[in-house]
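Engineer: Output the structure for:
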Amino acid sequence: MSKKKDSDEPPVKEPSLGEILRTIRMSIPLTLREAEESSGVSNAYLSQLESGKIARPSPPFLHKLATAYGISYETLMEKAGYVAKSATPRLTGRLATFADQKLTPGEEQELLKFLGYMRSQKKE
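Structural biologist: As a prediction, the model looks like this:
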């Protein structure tokens, strides 16, 4: 019986900027209208960002969202394609707790989705 090599695993699709923004917004949790109030970015624009209709928002918008969502501005600039991906991964506040677990990007996304789900259950 042979062991499966890491290289045999299918590649994990990196989440898009819109997917990241939606996941973080929902994990806070905020509606689009609440996100608009906290960031100053219209909910229509936020919706277009999250759906991928707008893939590269301007740096000032990214700064507003980073501040409102409590995430790294540099990470958003990287995901939008303004700066090259750093060789040394940065830890965000939400995921630093799991830094020693060496999570894949897919696992990070799933963890954020689960956190959003758990927080939504507390509201009910």
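Engineer: helices or strands next to whichever strand or helix holds Leu62 in the packing?
Structural biologist: Using DSSP states H and E, Leu62 maps to helix 59-69. With contacts taken as 3 or more CB pairs under 8 Å, 6 or more residues apart in numbering; DSSP states H and E, helix 59-69 sits against helix 17-27, helix 32-39, helix 73-79. (C-beta placed from N, C-alpha, C; glycine too.)
Engineer: If you count neighbours, what's buried in stretch 107-122?
Structural biologist: For stretch 107-122, the neighbour count (16 or more other CB atoms under 10 Å) marks 108-109, 111-112, 115-116 as buried.
Engineer: repeat for stretch 59-71
Structural biologist: 61-62, 64-66, 68-69, 71.
Engineer: In contact with the residue lying closest to Lys64 once chain neighbours are set aside, which residues are there?
Structural biologist: Nearest residue to Lys64 in three dimensions, chain neighbours excluded: Ser39, at 4.7 Å (CB to CB, 6 or more residues apart in numbering). Contacts for Ser39 (CB atoms under 8 Å, 6 or more residues apart in numbering) come out as 46, 64-65, 67-69.
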